[in-house]
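1. Below are the sequence and a predicted model; questions follow.
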Amino acid sequence: MASSTAPAEAAARHARTSWEELVTAALLGTDRRTPPVTVPGREAPAALLDAAAVQTVRRRAGLRAAPAAERPAPAPADPRPPVPAAARHRLAALLADHPHAGGGRRGTSPDLMELLPQWLALANDRGYAPPPELLPALLNAARGRTDLRPQALAFAGPRAQWLARLNPDWKFALRTAQGGARAAGLRDADRAERERRWQEGLFAERVALLSALRAHDPQMARELLTSTWPTERAEDRLMFLDSLRTGLSAADEPFLEQALGDRSRNVRATAAELLSALPHSALAARMADRASSCVALDRTSGIPALTVEAPHECDAGMERDGVAPKPPAGRGERSWWLGQLVEAAPLAAWRACLGDRPPAEIVALPVADGWRGELHAAWCRAAVRQRDATWARALLGVPSSPDAAGPGAVSLAERAKLLTTLPGVERAEWVAGFIDAHGLSEAFQLLGVCAVPWAPALGRAVVDALNIARDAGSYPWSFSGVMGLAERCLDPAEAVRLDALTAVPDEREDAAPGAGGYWSEAFQRLVTTLRLRAAMREELRG
């Protein structure tokens, strides 16, 4: 009788044993923790494994059968024509490429993932539909790179949302689509519905409503914002106020003037910034009066010059108009206040108060007592804020000027911002002249603001400068950033000119060891990438 009851008792003990107890005993070892189940005649490790096997079967068999899920509806049709076969194969290769781990020597192989944005832009311009079998890989790529999402989702089309409902890893596609649909729905709703959603909606819905209305009905957006402004939280007021940048006009001035008295310093500063972008606003006039009292024309000497008398205090009126009273570390108070006044003053006002001179002549005037850098930097910020190309040209000067490559009245970062106010062709010509005069070592951030593909003059200047750097015998690594830009931005037609640079040059005695081989690899990769871009373009022509 005992022999017949032993298996039953062992099975009962197995049933009562929890999986966690078995795992704990296995991790600690049976010599340190007695297994929760022991069987006569079996050593502890074997008994533990027996119990784990029984428990595993019980756990699997104990799963309850779930009702069959509803079969998903078929994916929506995409009316766009499919990409040509060659382009489909190219996309598969781009998506299969992986970044080089750990950096180091890249060799001659192109960085395919960096070409994916250009491929998507070309495919979207030509109105192609994606290959269905590549959509998962495309969504995975967009999941890891937020900069890729707008183009990737535009190319993926309605099937991206269908797939995103089946895989939570791609939920960003649903958020983007819902955001666009919500904005369109809010924009097209009637007045009563807009007001209801503004009053009752969540914060994100209210921001979407305000942003959508500013592009199509700025007055309605402003009325909604005014209706609840006093009861909004400070951080929400700041976000709402920022939406007024879209469609900013003189009609917004009364509301922005009211916001200058806001409790929040950040809200006051943003309102002042927006008002200063309106050249005929009352705040702009006040700032012009203050700035002109600080900068004057000195006619006492034979050569006219500018004299600067920075403010001695930041009074309540200045602070209300957005002047921050406390400077950052390392800045003097007076220079800090002066810069803010000049930055916010309309640039057109300077011609009248400085002898009716055009911007180029004003910028060329000497500035007394070392104030030139501070004054010109403030004018740079004003030109960028007011999108004034005439002042930007005056402050940029000629690209071959001696101080263009180093510390001067206008830094390279300020020049890059000024360049954004110029037409694309003029911008490229200025940067090409800068490279011809100063080389590539300081040109990276200037190249970043030029339109793609680079204009022929700019492309030639970059190639010539790279050739000069190669002949100098240094390593190409200090130009890796420019090389990366060139791979993406040079016109593919430049590949013909670069062929001659792919050979390993004869090394000079003073050259860095092996530098010629590294340059040869870099130019081979550049030529290969340019030809690959040309092939991509042809394949997408169909």
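-> Good, I have the coordinates.

2. Need the phi and psi values for residue 82.
-> Residue 82 adopts backbone torsions of phi -70, psi 150, taken as degrees, to the nearest 10.

3. List the contacts of the nearest residue to residue 353 once chain neighbours are set aside.
-> Leaving aside its chain neighbours, residue 353 sits nearest to residue 292 (4.5 Å; criterion: Cβ to Cβ, 6 or more residues apart in numbering). To be clear about C-beta, it is placed using only N, CA and C from the backbone, and glycine gets the same treatment. Residue 292 is in contact with 345, 349-350, 353, counting by Cβ atoms under 8 Å, 6 or more residues apart in numbering.

4. so can I have a markdown table of those showing secondary structure, neighbour count and distance to residue 200?
-> What follows is the contacts of residue 292, written out as a markdown table (DSSP: H, G, I helix; E, B strand; the rest coil; neighbours: other Cβ atoms under 10 Å; distance: Cβ to Cβ, whole Å):
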| residue | secondary structure | neighbour count | distance to residue 200 |
| --- | --- | --- | --- |
| 345 | coil | 29 | 43 |
| 349 | helix | 17 | 46 |
| 350 | helix | 21 | 49 |
| 353 | helix | 17 | 52 |
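
5. name the helices or strands packed onto whichever helix or strand residue 212 is part of?
-> If you go by DSSP states H and E, residue 212 is part of helix 203-216. Secondary-structure packing of helix 203-216 (3 or more Cβ pairs under 8 Å, 6 or more residues apart in numbering; DSSP states H and E): helix 171-188, helix 191-200, helix 218-228, helix 234-242.

6. Please identify which of those helices is closest to residue 325.
-> Ranking the helices and strands packed on helix 203-216 by proximity to residue 325 (Cβ to Cβ) places helix 234-242 first, at 19.0 Å.

7. hmm, who's touching the closest one?
-> When contacts are defined by Cβ under 8 Å, 6+ apart, helix 234-242 is touched by residues 203, 206-207, 210, 225, 229, 232, 259, 262-264, 266-267, 270-271, 274.

8. Specify the angle between that helix and helix 203-216 in degrees.
-> Note on geometry: by axes from the mean of the first three to the mean of the last three Cα atoms, to 10 degrees, helix 234-242 and helix 203-216 are set 20 degrees apart in direction.

9. after helix 234-242 comes which helix or strand?
-> According to DSSP H and E, the helix or strand after helix 234-242 is helix 253-259.

10. Which parts of the stretch 1-150 of the chain are helices?
-> 2-16, 19-28, 44-61, 85-96, 116-125, 135-144, 149-156 (DSSP state H, counting those that start in this stretch).

11. Convert the fourth one to PDB, retaining C-alpha atoms only.
-> Okay, so that is helix 85-96. Output of helix 85-96 as PDB, limited to C-alpha atoms (Å, rounded to 0.1, in the frame of the first residue of the first chain):
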ATOM      1  CA  ALA A  85      12.500  46.900 -59.700                       C
ATOM      2  CA  ALA A  86      16.000  48.400 -59.600                       C
ATOM      3  CA  ALA A  87      15.000  51.000 -57.100                       C
ATOM      4  CA  ARG A  88      13.300  48.300 -55.000                       C
ATOM      5  CA  HIS A  89      16.600  46.400 -54.800                       C
ATOM      6  CA  ARG A  90      18.500  49.600 -53.900                       C
ATOM      7  CA  LEU A  91      16.100  50.300 -51.100                       C
ATOM      8  CA  ALA A  92      16.500  46.800 -49.700                       C
ATOM      9  CA  ALA A  93      20.300  47.300 -49.700                       C
ATOM     10  CA  LEU A  94      20.000  50.700 -48.000                       C
ATOM     11  CA  LEU A  95      17.800  49.300 -45.300                       C
ATOM     12  CA  ALA A  96      20.100  46.300 -44.700                       C
END
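
12. helices and strands around it, which ones?
-> Applying 3+ Cβ pairs under 8 Å, 6+ apart, one finds that helix 85-96 contacts helix 116-125, helix 135-144, helix 515-539.

13. Now that helix: average pLDDT?
-> Mean per-residue pLDDT for helix 85-96: 95.

14. Next, the buried residues of it.
-> Residues of helix 85-96 classed as buried by neighbour count (16 or more other Cβ atoms under 10 Å): 87-88, 90-91, 94-95.

15. Now tell me what touches that helix from outside.
-> Helix 85-96 has contacts (Cβ under 8 Å, 6+ apart) with 82-83, 112-113, 115-116, 119, 123, 128, 130-131, 134, 137-138, 141, 535-536, 539-540, 542.

16. Among those residues, name the buried ones.
-> By 16+ other Cβ under 10 Å, the contacts of helix 85-96 give 83, 112-113, 115-116, 119, 123, 128, 130-131, 134, 138, 141, 536, 539-540 as buried.

17. Between all of those, which two are at the greatest distance?
-> Farthest apart among those by Cβ to Cβ are 113 and 128. That separation is 20.0 Å.

18. roughly how far apart are the residue nearest to residue 353 and residue 321?
-> 15 Å (Cβ to Cβ, to the nearest Å).
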